[in-house]
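In: any chance you could fold what I've pasted below:
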Amino acid sequence: MAVIRDNRGTLLASNISNYLAGAANTTGTPIDTNELVRIVNQFLGTGEQISSDITTITNGIYKKFGAIDKVTNRTEIVTSGIWSGDEGSLTTFFTSSAQRDGATGKYYLDVYNAETSSDAAEVQFSIAYGDVNAKGAPTFDQDDASTLSTKAVYNQFKNVLLDSADPYFTVLSGPTASAAATADLTSFYVININRARYKERLDPGNIEIKLSGSLGLVTLIDNSGGTDENVTTAGRVYNLVSGSLNIGVAESASIKQYTDTFTQQGYGLFYPDMGIILLNPNALSASVDTKLMAAFDSKAGKYHQSGSTSGSLYLFDSLKKGADFQARRTENVSTSHYFVRANNREFNFSNNPTFVTGQVGQFVQPSFERDPKVYITTVGLYDDANELLAVAKTSKPIEKSFDKEVAIKVKLDF
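Out: Down below sits the predicted model:
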């Protein structure tokens, strides 16, 4: 039931009174119910309006929607897992040997959910390493063909995520239980979620990354729960902390440490609206594996390598050993609802050729003449030119006859 309050109710009453007074002052003028409906609908929102043609019966194939049959322009927030198949947890990780051994493997790695030879293999995210001073990549003096890849990666994400006045990213710094200061993040590992995976945005408070190495296992979450949002030109940004989501155990996540014990630096940053995660090499090398340390110089032919393996591959190995990367996404979905109503006198016959027989179109079953029975399986939505726009299927056939009425709600998401 719609409620019209305050001055809108007074104005509605006045408009109706004026219309009725005008009709009363003109002898023989009937009261037009359509006009009364029009006056009332001016004060009602979409989905609340009443219809003057609610008793209209159609004898044809098509039936026009009335004002009360449509509820449009609604928005719903939908959440789902980001990985292939809408999975919320990724437990197996694969890379392409061709990429790993090729030129691009020096700069970044694509991570798949299955062996790349499999038809089910899809890129889930990419890993790269960036350094503001180009450490971890040959200098021009060391290699004329160098692209200073680590500096290029740092500047690429700096241009996307930071204000032009900010020279560096910053992470938490200070005691593990109450870090309040910040430290410059001059190098980072970046996990760039594939756009097809996160669509509109990742869901803060629903991300958990397990990293395992020679020093132990660290579980990273974001600190979005109960904190004021820090909104930048790249959208929201949160700090990564050590903790647990506690899904299925408690109502909220729990934070174990804000910073690494040894370095007293934060673990990284999380940009949910951009699908980007930055990890601090200093904190990871002190808590997960020393092989994850930041590059400290530049050498000919070396691309952030420790021995013969790149740091990005070491991060991949830590993810693979941790065997659990949880994340979810949220989307704003525009929704329209259409109420398809079949009165007891409507849609009781079929256009299917098997419904009739002979040249004069006799019913196959003589009882159909006075007591037809059909089954609704499909609803088609058409525009004013009778062009089919959408088709809805019922979960099972719905019997329709002169003693049955049917109402079907069709929901369109786009």
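In: where in the stretch 1-150 of the chain is pLDDT low?
Out: By pLDDT under 70, the low-scoring segments of the stretch 1-150 of the chain are 1-3, 27-28, 45-59.
In: can you pull out the strands in it?
Out: Counting by DSSP state E, counting those that start in this stretch, the stretch 1-150 of the chain has strands at residues 70-81, 89-90, 108-112, 123-131.
In: and the ones you listed, which is most packed in?
Out: Between the strands of the stretch 1-150 of the chain, strand 123-131 has the highest mean count of neighbours, a mean of 23, where neighbours are mean count of other CB atoms under 10 Å. (C-beta placed from N, C-alpha, C; glycine too.)
In: strands paired with it, and their directions?
Out: Paired with strand 123-131 in the same sheet, following DSSP bridges, are strand 108-112 (antiparallel), strand 187-193 (antiparallel).
In: okay if I get these as TSV plus distance to G268?
Out: Formatted as TSV, these follow (distance: least, CB to CB, whole Å):
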stretch	distance to G268
strand 108-112	17
strand 187-193	7
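In: picking up where we left off before, distance to I398 for the strands of the stretch 1-150 of the chain - can I get that in TSV?
Out: Below are these laid out as TSV (distance: least, CB to CB, whole Å):
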stretch	distance to I398
strand 70-81	21
strand 89-90	39
strand 108-112	44
strand 123-131	42
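In: so which of those gets nearest V391?
Out: Between V391 and the strands of the stretch 1-150 of the chain, the tightest spacing by CB to CB is seen for strand 70-81, at 17.5 Å.
In: and that closest one, what does it pack against?
Out: Packing partners of strand 70-81 (3 or more CB pairs under 8 Å, 6 or more residues apart in numbering; DSSP states H and E): strand 328-342.
In: what is the strand it packs on packed up against?
Out: So strand 328-342, by 3+ CB pairs under 8 Å, 6+ apart, packs with strand 70-81, strand 201-202, strand 374-382, strand 406-413.
In: same list, those strands, but as a markdown table with distance to T95 please.
Out: Shown next, in a markdown table, are those (distance: least, CB to CB, whole Å):
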| stretch | distance to T95 |
| --- | --- |
| strand 70-81 | 22 |
| strand 201-202 | 22 |
| strand 374-382 | 46 |
| strand 406-413 | 35 |
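In: relative to I376, which of the strands of the stretch 1-150 of the chain is closest?
Out: With CB to CB as the criterion, I376 lies closest to strand 70-81 of these, at 19.6 Å.
In: contacts for the closest one, please.
Out: Contact with strand 70-81 is made by 46-47, 86-89, 203, 206, 327-339, 413, as judged by CB atoms under 8 Å, 6 or more residues apart in numbering.
In: and those residues, which of them are buried?
Out: G88, D203, N206, A327, R328, R329, T330, T335, S336, Y338 (16 or more other CB atoms under 10 Å).
In: thinking again about what came up before, so which of the helices and strands packed on strand 328-342 comes closest to R195?
Out: Taking CB to CB, strand 201-202 is the member of the helices and strands packed on strand 328-342 nearest to R195, at 11.0 Å.
In: note down every partner strand of whatever helix or strand comes next after the closest one and its orientation.
Out: Going down the chain from strand 201-202, the next helix or strand is strand 208-213, by DSSP states H and E. Looking at strand 208-213 with DSSP bridges, its partner strands are strand 216-222 (antiparallel), strand 325-326 (antiparallel).
In: before we move on, the earlier item: closest one to A67 among the strands paired with strand 123-131?
Out: It is, among the strands paired with strand 123-131 and with distance given as CB to CB, strand 187-193, at 43.6 Å.
In: distance to V111 added to the buried ones among the contacts of strand 70-81, as CSV?
Out: As requested, the buried ones among the contacts of strand 70-81 are exported to CSV (distance: CB to CB, whole Å):
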residue, distance to V111
G88, 17
D203, 20
N206, 20
A327, 13
R328, 18
R329, 17
T330, 23
T335, 34
S336, 38
Y338, 42
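In: related to what we said a few turns ago, nearest to G136, of the strands paired with strand 123-131?
Out: Of all these, strand 187-193 sits nearest to G136, with 7.6 Å by CB to CB.
In: now do the closest one against strand 328-342, angle only.
Out: Here strand 187-193 runs at 20 degrees with respect to strand 328-342, directions being taken by axes from the mean of the first three to the mean of the last three CA atoms, to 10 degrees.
In: what residues does strand 187-193 touch?
Out: Outside strand 187-193, the residues touching it (CB under 8 Å, 6+ apart) are 82, 124-132, 135-136, 150, 153-154, 157, 169, 202, 209, 268, 275-281, 284, 292, 294-295, 311-312, 315, 327.
In: quick one: average pLDDT of the helix or strand just after it?
Out: Next helix or strand after strand 187-193 toward the C-terminus (DSSP H and E): helix 195-198. Mean per-residue pLDDT for helix 195-198: 92.
In: also stretch 292-306?
Out: 79.
In: for that stretch, buried residues please.
Out: Applying 16+ other CB under 10 Å to stretch 292-306 flags L292, M293, A294, A295, S298, K302, Y303, H304, Q305 as buried.
In: which two of those have the greatest separation?
Out: Pairwise distances across these (CB to CB) peak at 18.6 Å, for the pair L292 and S298.
In: okay, the strands paired with strand 208-213 in JSON lines with mean pLDDT and distance to D6 next?
Out: Below are those laid out as JSON lines (pLDDT from 0 to 100; distance: least, CB to CB, whole Å):
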{"stretch": "strand 216-222", "mean pLDDT": "95", "distance to D6": "44"}
{"stretch": "strand 325-326", "mean pLDDT": "96", "distance to D6": "49"}
